[in-house]
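Enquirer: My questions concern the predicted model and sequence given below.
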Amino acid sequence: FMRTRRSVKGESGELEGWTSREARRLANSGSELKASAVQVEQSNTSVVFGDQFIFKLFRKVDVGVNPDLEIGRFLTDKGFAHVPQVAGALEYLKPGRRSMTLGILQTFVPNQGDAWQYTTEVLKRYFERVLARPPLEREKLVSQETSVFSLLSRDIPTEMYEIVGTYLQSAQLLGQRTGEMHVVLASDKERPEFAPEPYSTLSQRSLYQSLRNLSTQVLALLRSRLLALPESVRQEAAALVSEGGRISEIFKLLLGRRINASRIRVHGDYHLGQVLYTGKDFVIIDFEGEPARPMSERRLKRSPLRDVAGMLRSFDYAVHNGLRVQHATGLIRREDLELLEPWARTWTTWVSVAFLQSYLQAAGQGSFLPDRQEDFQLLLRILVLEKAIYELGYELNNRPDWVPIPLRGIRSLIGPTDTD
């Protein structure tokens, strides 16, 4: 149907399919394209055709082109090699030519799993290396400085390369690919839907209002769930509930200055699970944004630092989930958990530094980042805090056992309280 660019009229619109020239060439080459459903948990239904294509059928559709198709096609046309190349789509056209994206055909990327799975395996070896170090050496090497911003201008210590291992280079490569993606997304000033726009005073105030609303809602939810939380984090959670004003003061810093930067199209839901690991490189996938949000909201231009913030939080999630899972499966003893906690923070800190340093080097070719260092640090800190607060709300509603991860992430961003 898609290969022949057919269309079928229905009562309320018209179903249309199309494929790229390369897709039609491969489909007509005689190669067997055996279809098999992808048996993994995801928000869409995917079918792989041989080792050539993957077709993603969206379970939730809305009026408007899906960002996964729109951004994927843009990056494909611009020659960005680190995404699956868009090879076709299935769309439903309603009267007035209002399009609804039903599915997208992309080239299949051979891989070893996503970056979350890769990172989880790496962390097993990391904690083993830490525990194998003599106690005095562990105490000497653990990082006392956990502020990523204060470390950005420093070289990564040689001993961190020895302990963290090759994942530091992986984080650098991922930072590079992320920066390169943003440069391409900001490269076309002639197409209104992709042309960069100034990060205006109105944009800053709008962000501030949404941040206040989010924090108010999540802290109210946290207050209502305090007694249901594990006793080990209840006191910490109660302390955070009382710090709503402190969080608001941090957000208010947005209103006291004019940030000279740009808003561009971004990934929108960027984390380690949205990146495939090929064994040598990374391929970025799933540009549809958060499916629960309206299509119009998912297509908004935003600061690219929102993607960066998502990845920094994903690093923190990976290392603390690694601790949790390895303890639950007996790989880490209970008495070693407290010892390894500062080493989890050390891993997050230096991996984040490696990612950010590489990202800034690659993204420096664009003009979309804040032009002053203090504005860059402020905006990124606020966006990371926003992400952690969003995560806290999600975990309270879906995975209460995971609440300590975003809870402690928020606490590290706002600083210690009087009860600490």
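Expert: Happy to help now that I have it.
Enquirer: contacts, neighbours, all on C-alpha from now
Expert: Noted.
Enquirer: Where do the strands of this protein begin and end?
Expert: Counting by DSSP state E, the chain has strands at residues 7-9, 14-19, 35-37, 44-49, 53-58, 86-94, 98-107, 197-198, 262-263, 275-277, 282-284.
Enquirer: Any idea which of these gets closest to residue 381?
Expert: When those are compared by Cα to Cα, strand 262-263 sits nearest residue 381, at 17.0 Å.
Enquirer: That closest one - contacts with which helices or strands?
Expert: Other helices and strands packing on strand 262-263, by 3 or more Cα pairs under 8 Å, 6 or more residues apart in numbering; DSSP states H and E, are strand 197-198.
Enquirer: Can you give the distance of the strand it packs on from its chain's centre?
Expert: Centroid displacement of strand 197-198 relative to its chain, using Cα atoms, centre = their mean, to the nearest Å, is 23 Å.
Enquirer: what's the neighbour count on the closest residue in space to residue 230 that isn't next to it in sequence?
Expert: The shortest distance from residue 230 to any non-neighbouring residue, by Cα to Cα, 6 or more residues apart in numbering, is to residue 401 (7.6 Å). Neighbourhood size, residue 401 [other Cα atoms under 10 Å]: 12.
Enquirer: same question, residue 65
Expert: Neighbour tally, residue 65, other Cα under 10 Å: 21.
Enquirer: Distance of it relative to residue 296?
Expert: The gap separating residue 65 from residue 296 is 9 Å, by Cα to Cα, to the nearest Å.
Enquirer: if we can go back for a sec, residue 156 is nearest to which of the strands of the chain?
Expert: That would be strand 282-284 among the strands of the chain, by Cα to Cα, at 22.0 Å.
Enquirer: average model confidence for that closest one?
Expert: Mean pLDDT, strand 282-284: 98.
Enquirer: ok, residue 136 to residue 335 distance?
Expert: Counting by Cα to Cα, the separation of residue 136 from residue 335 is 17 Å.
Enquirer: for residue 56, same thing?
Expert: Distance from residue 56 to residue 335, by Cα to Cα: 46 Å.
Enquirer: Give me the more crowded residue out of the two.
Expert: residue 56 (20 against 8).
Enquirer: Double-check that one against residue 108; I have them as touching.
Expert: No: using Cα atoms under 8 Å, residue 56 is not in contact with residue 108, being 11.1 Å away.
Enquirer: Hmm, residue 377 is touching residue 147, no?
Expert: No: contact criterion Cα under 8 Å: residue 377 and residue 147 do not qualify, at 11.0 Å.
Enquirer: ok, the residue lying closest to residue 78 once chain neighbours are set aside - how many residues close by?
Expert: Spatial nearest neighbour of residue 78, excluding adjacent residues (Cα to Cα, 6+ apart): residue 184 at 7.3 Å. A count of nearby residues for residue 184, using other Cα under 10 Å, gives 18.
Enquirer: just the one 3 residues further on next, same as before
Expert: Using other Cα under 10 Å, the number of residues around residue 187 comes to 17.
Enquirer: Check what pLDDT it gets.
Expert: Looking at residue 187, its pLDDT is 95.
Enquirer: Now it, what are its backbone angles?
Expert: The phi/psi pair for residue 187 (degrees, to the nearest 10) reads phi -90, psi -10.
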